[in-house]
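A.B. asks: Starting from these lines, generate the structure:
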Amino acid sequence: MNPRHIEVIAAELSLRESQVAAAAELLEGDATVPFIARYRKEATDSLDEVALLSIRDRLVRLADLDRRREAVLGSLRERDLLSDELREKIEAAQTMTQLEDLYLPYRPKRRTRATMAREKGLAPLAELLTAAAREGSDLDPVEAARPFVDAGKGVDDVETALAGARDIIAEAASEDARARNGLRLLFVRRARIRSSVAKGKEEEGAKYRDYFDWSEPARQAPSHRILALFRGEKEGVLSLSLQPDAEEGIRILEGLFVKGSGLAAQEVRKAVADGYVRLAAPSMETELRGALKRKADVEAVAVFARNVREILMASPLGQKRLLAVDPGIRTGCKIVVLDGQGKLLATDVVYVVGRKETSEAARRVLDLAERHTVEAVAVGNGTGGREAEAFFRSLGLPGDPPVVLVNESGASIYSASEAAREEFPDQDLTVRGAVSIGRRLQDPLAELVKIDPKSIGVGQYQHDVDQKLLRSSLDDVVLSCVNAVGVEVNTASRQLLSRVSGLGETLAGNIVAYREANGPFRGRSELKKVSRLGPKAFEQAAGFLRVSGGEEPLDGSAVHPESYPIVRRMAQDQSCSVGDLLADGKRRASIDLGRYVTEKTGLPTLKDILAELEKPGRDPRATFESAVFDAEVKELEDLRAGMILPGVVTNVTAFGAFVDVGVHQDGLVHVSRLCDRFVADPASVVRPGQSVTVAVVDVDLPRRRISLSMKKADLSPV
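C.D. replies: Predicted coordinates:
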């Protein structure tokens with residue numbers, strides 16, 4: 001643990017160094033962020049997951065900087081280029097950009113015009129001209145260049161010598177750390193991003209029509225537009241440039257290298273102008289592109305991660321027996337019946353659209369529902385989903401179970417996955433898809449962890465952003481959600497168990513294997529018998545794993561086994577059992593937490609324990625509510641401007657929210673139409689899965705685009 005890193009991070013995040021040091025020590029010991037946030041509050045003074053993730057990520061970046069610093073120093077030492085002054089500057093560099101600027105003049109490079117000029121012995125001439133321009137002397141460049149004319153070296157005349165010297169000056173100016181700092185600020189503050197359509201791409205790139213002649217300050221461009229422009233350029237539809245006015249950049253270099261107005265100064269002025277246009281500006285543009293892309297990536301990934309969290313934490317229906325439907329028109333609807341734990345009980349195929357056999361389909365569905373006492377119906381929202389939903393609602397199923405339209409994004413990914421093949425080797429893709437749709441209704445989190453989060457369909461340019469950043473962020477979200485809810489060890493899938501703090505694929509597989517060989521776990525302590533699940537993994541995982549109905553009542557709660565002795569002391573002091581303490585609110589209310597504070601366990605943990613005793617194993621997710629679409633609206637052609645419709649938010653982006661109104665094509669509520677006030681962040685108004693009421697503003701049938709509004713004025717009947 002580097003003390004300097006701790007100091008830097010504490011200052012950046014406005015935290016105490018002791019907090020950062022404690023978090024860093026725990027992270028270095030392979031503790032997960034959910035574990036630290038939940039069970040090590042005393043060590044970090046209750047840092048939350050957001051702060052811990054920031055500390056973790058910053059530690060990684062600072063370690064990367066140190067590794068790069070050592071590589072640079074090593075390279076300079078090997079080539080005998082490391083002066084004491086340069087070493088001090090490199091060791092003081094606080095960012096990768098500062099470090100690379102210092103290294104740039106010494107970086108091994110391919111042969112350039114400047115290196116060829118140096119090979120011809122023109123470096124001293126370049127130094128003479130540079131010194132004269134800086135000092136404002138009256139040096140005559142022509143006379144200064146005559147001694148360097150040497151036909152044997154390829155310097156045939158004075159002009160050739162001066163041209164070579166200018167090439168050396170141009171490269172030196174473009175690589176000067178002070179110059180690059182000044183130009184970097186200029187590009188950040190003044191560069192404009194300009195786009196135009198590539199020749200002959202007008203029709204092919206119609207979706208980029210808005211950007212065929214576009215210009216705006218680069219620093220003001222929102223992340224979604226940056227990513228759209230870069231994608232258009234990558235596809236060959238758009239041509240982009242990101243530069244400020246060239247004269248401003250040239251003036252910055254002249255201010256650093258030219259003080260006088262003599263003949264030597266004129267030579268240097270020409271050199272730095274060339275250095276800016278040919279070398280510095282393209283380099284700065286590349287750097288600005290990278291910075292804008294990184295910023296856009298971070299914002300887009302944050303939007304995606306936030307949406308994924310909302311989807312994963314969506315309300316579960318719970319352990320209900322249900323009938324799940326993978327809808328289809330030509331191939332029929334694949335129907336499965338699942339028990340409360342998601343176990344497949346029965347399958348069938350019925351045709352409910354455009355067929356005379358609907359009466360037969362109704363008979364078979366009613367028979368299935370009655371035999372298995374179906375408590376709910378889950379219908380996928382794909383092709384034929386609305387028609388299937390209407391059919392099942394019309395049947396009058398026994399007990400009048402709710403019919404719920406379920407977002408099936410990614411279900412096909414699961415159907416073809418190794419996990420699905422492993423679980424249902426003898427079933428076809430449609431059966432697996434129907435099972436996944438049903439399980440999503442029972443418990444979205446438990447089912448969606450089986451697929452790549454990118455397949456959930458709530459992203460913003462997810463295929464264009466840094467995939468390593470995206471993967472890391474989504475993994476953090478999934479880990480956070482799974483551990484926030486907790487996992488029932490006796491029923492959880494291998495995929496769900498693998499997301500528990502401290503486990504992973506191997507230990508999750510070992511838990512499932514032990515469960516299959518020995519029957520259900522009778523308590524958390526039995527986890528220690530699982531192959532390769534040692535003390536460290538047990539410490540990390542135990543608090544997030546639930547064993548309900550066992551001999552130890554605390555095993556079904558989020559109380560960590562390390563805190564069981566404290567709870568037993570509480571029960572003993574109340575002259576009751578732990579079970580009595582869980583059941584009796586009066587006894588819990590009389591507990592004086594101050595009596596149980598120790599050096600290791602403080603009030604934050606004790607308050608968590610008491611809250612957990614009140615509702616052991618509580619699910620933090622909201623109560624399930626079903627959304628219902630307008631029965632008269634099923635196709636895009638059914639929509640008309642002015643309609644007021646119920647809908648469900650499917651995706652939230654930086655520019656607005658997409659809403660499903662039941663026509664197989666999501667509509668966009670632009671950020672300007674989300675509500676009657678100014679909205680900076682759409683996520684402050686809506687979230688994925690939220691039921692909303694929208695007004696149809698416009699329907700573009702050829703482009704299959706729907707414009708919607710949630711403003712009160714648009715929702716008011718005329």
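
A.B. asks: Pull the number of nearby residues for V155.
C.D. replies: In terms of burial, V155 registers 22 neighbours under the definition other Cβ atoms under 10 Å. (Each C-beta comes from the backbone N, C-alpha and C, glycine too.)

A.B. asks: in terms of contact, does it touch L125 like I think?
C.D. replies: No. With contact defined as Cβ atoms under 8 Å, V155 does not reach L125; the gap is 9.6 Å.

A.B. asks: can you list residues touching both of the two?
C.D. replies: Residues within reach of V155 and of L125 at once, by Cβ atoms under 8 Å, 6 or more residues apart in numbering, are 148, 161, 164.

A.B. asks: okay, those residues in JSON lines with secondary structure, distance to R69 and pLDDT next?
C.D. replies: Below are the shared contacts of V155 and L125 laid out as JSON lines (DSSP: H, G, I helix; E, B strand; the rest coil; distance: Cβ to Cβ, whole Å; pLDDT from 0 to 100):
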{"residue": "F148", "secondary structure": "helix", "distance to R69": "38", "pLDDT": "95"}
{"residue": "A161", "secondary structure": "helix", "distance to R69": "39", "pLDDT": "96"}
{"residue": "G164", "secondary structure": "helix", "distance to R69": "34", "pLDDT": "97"}
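
A.B. asks: give me the number of residues near the residue nearest to R189 when sequence neighbours are not counted?
C.D. replies: Take R189 and drop its neighbours on the chain: the residue closest to it by Cβ to Cβ, 6 or more residues apart in numbering is R219, 6.7 Å away. Each residue near R219 was counted by other Cβ under 10 Å, and the total is 16.

A.B. asks: Tell me the spacing between R219 and S283.
C.D. replies: 19 Å (Cβ to Cβ, to the nearest Å).

A.B. asks: I'd like the next helix or strand past the helix or strand where E299 lies.
C.D. replies: For E299, the host element (DSSP states H and E) is helix 281-312. Proceeding C-terminally, helix 281-312 gives way to strand 322-326 as the next helix or strand, assigned by DSSP H and E.

A.B. asks: what number of residues lie near E100?
C.D. replies: Each residue near E100 was counted by other Cβ under 10 Å, and the total is 16.

A.B. asks: now D698, what's its secondary structure?
C.D. replies: When the structure is reduced to helix, strand and coil (DSSP: H, G, I helix; E, B strand; the rest coil), D698 reads as strand.

A.B. asks: what helix or strand is the residue nearest to it when sequence neighbours are not counted on?
C.D. replies: In space, and not counting its chain neighbours, D698 is closest to S707: 4.2 Å by Cβ to Cβ, 6+ apart. Secondary-structure assignment from DSSP H and E places S707 in strand 705-709.

A.B. asks: In this model R190 seems to touch E248, though I could be wrong.
C.D. replies: Yes. Shown here, E248 and R190 form a contact pair, counting by Cβ under 8 Å, at 6.5 Å.

A.B. asks: sorry, back to before: what's across from the residue nearest to D698 in the sheet?
C.D. replies: Judged by DSSP bridges, the bridge partners of S707 are L668, D698.

A.B. asks: ok, back up a step: list the buried residues of the helix holding E299.
C.D. replies: Burial within helix 281-312, assessed by neighbour count using 16 or more other Cβ atoms under 10 Å, is assigned to 281, 283-285, 287-289, 291-293, 296-297, 299-301, 303-312.
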